[in-house]
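Participant: Following is a predicted model, sequence given first.
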2 protein chains.
Amino acid sequence: MPEYERLPQPATADIDLVTVLQALGDPVRMRLFTSYADGREHSCDPGHLGLDHLHKSTVSHHMRVMREAGLTTTRVAGRNRYVSLRRRDLDARFPGLLGALLASVSGDD
Amino acid sequence: MPEYERLPQPATADIDLVTVLQALGDPVRMRLFTSYADGREHSCDPGHLGLDHLHKSTVSHHMRVMREAGLTTTRVAGRNRYVSLRRRDLDARFPGLLGALLASVSGDD
DNA sequence: ACGTCTGTTTGACAATCATCCACCAATCCA
DNA sequence: TGGATTGGTGGATGATTGTCAAACAGACGT
């Protein structure tokens, strides 16, 4: 059994735009996305992100979708997983897209 | 019964980001989106957009999704419908987003 | 008026998806 | 070692979705 320091994720060149948009086309994942926009690492606890109403495994599912789409990276440390945005990779692959998305969701009121 | 010159579409202020991204999170609709990026009006004929493999009604369905998401506008003229991107409205609501998306899909090779 | 053309609507169907639940695995701590 | 913590896995389920086929509707042309 391999022990990951990072959970598996697509290479930068393999990140697909449609897949990324599909991942963001869900309210819960958009919420996670904007929470991750601070650039820091976040635990998987549903509570501290305003997702109390969702089951643990549901949040886990959404985080898997985002990771497999190439949006996030997950660092494994002990029993915790630290999720963060792949900002550098995404900016390299889709210049300006993340900025425009985050600006758009900010003005969405 | 009202006779539309335009098919019903959401007001600019009502365009929802997640709904837009969900609409673009499909290969067929992304294809339509990039085809519409020329700013011109397009008929609904599946053939002239490289969608021969899809049934008429399937294309009709995708165009409805895009229109209801606020991505496109449809002008009715006789038995034809002319679909075009709501570029001005989208740029007003989500500044920079369309440009970043179209730039991203261009470099997606 | 009749057939043709463009596009939509409705129904059906398989696939995917979001969610919950119960259980599990690994890690930490006392 | 034993319990608590963090998070994931697998199954079940109801909802949504992408697709096709057939029928329909309005507009045009002759």
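Facilitator: Cool, got the structure. All values reported here derive from a predicted model rather than from experimental measurement.

Participant: A:G47: neighbour count?
Facilitator: 11 (other Cβ atoms under 10 Å in any protein chain shown). C-beta: built from backbone N, CA, C; applies to glycine.

Participant: quick one, helices of chain A?
Facilitator: Ranges of helices within chain A are A:17-24, A:27-36, A:56-69, A:87-93, A:97-106, based on DSSP state H.

Participant: and the angle from the first one to helix B:27-36?
Facilitator: Spelled out, it's helix A:17-24. With axes from the mean of the first three to the mean of the last three Cα atoms, to 10 degrees defining the directions, helix A:17-24 sits at 110 degrees from helix B:27-36.

Participant: Ranking the helices of chain A by mean neighbour count, which comes first?
Facilitator: Mean neighbour counts were taken over the helices of chain A using mean count of other Cβ atoms under 10 Å in any protein chain shown, and the top value, a mean of 22, falls to helix A:17-24.

Participant: Can you lay out the helices of chain A as a markdown table showing distance to A:L49 and mean pLDDT?
Facilitator: Shown next, in a markdown table, are those (distance: least, Cβ to Cβ, whole Å; pLDDT from 0 to 100):
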| stretch | distance to A:L49 | mean pLDDT |
| --- | --- | --- |
| helix A:17-24 | 16 | 98 |
| helix A:27-36 | 5 | 97 |
| helix A:56-69 | 8 | 97 |
| helix A:87-93 | 18 | 98 |
| helix A:97-106 | 15 | 95 |
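
Participant: For A:V76, find the nearest of the ones you listed.
Facilitator: Closest of these to A:V76 is helix A:56-69, at 11.8 Å (criterion: Cβ to Cβ).

Participant: can you state the direction angle for the closest one and helix A:17-24?
Facilitator: Using the same axes, to 10 degrees: helix A:56-69 against helix A:17-24 is 160 degrees.

Participant: give me the beta-bridge partners of the spatially most central residue of chain A?
Facilitator: With distances taken as Cα atoms, centre = their mean, the residue of chain A nearest its centroid is A:T72 (3.7 Å). Beta-bridge pairing for A:T72 (DSSP bridges): A:L85.

Participant: related to what we said a few turns ago, quick check: which of the helices of chain A is nearest to DNA strand C?
Facilitator: Of all the helices of chain A, it is helix A:56-69 that lies closest to DNA strand C, at 3.1 Å by Cβ to the nearest atom of the strand.

Participant: what about the closest one and chain B, touching?
Facilitator: No - applying Cβ under 8 Å from any Cβ of the partner chain, one finds helix A:56-69 separated from chain B by no less than 9.8 Å.

Participant: what sits up against that helix?
Facilitator: If you take Cβ atoms under 8 Å, 6 or more residues apart in numbering or on different chains as the criterion, helix A:56-69 is touched by A:7, A:9-10, A:15-16, A:19-20, A:22-23, A:26, A:28-29, A:32-33, A:44, A:46, A:51, A:72-74, A:83.

Participant: From the chain's centroid, how far away is it?
Facilitator: Centroid separation between helix A:56-69 and its chain, computed with Cα atoms, centre = their mean, to the nearest Å, is 8 Å.
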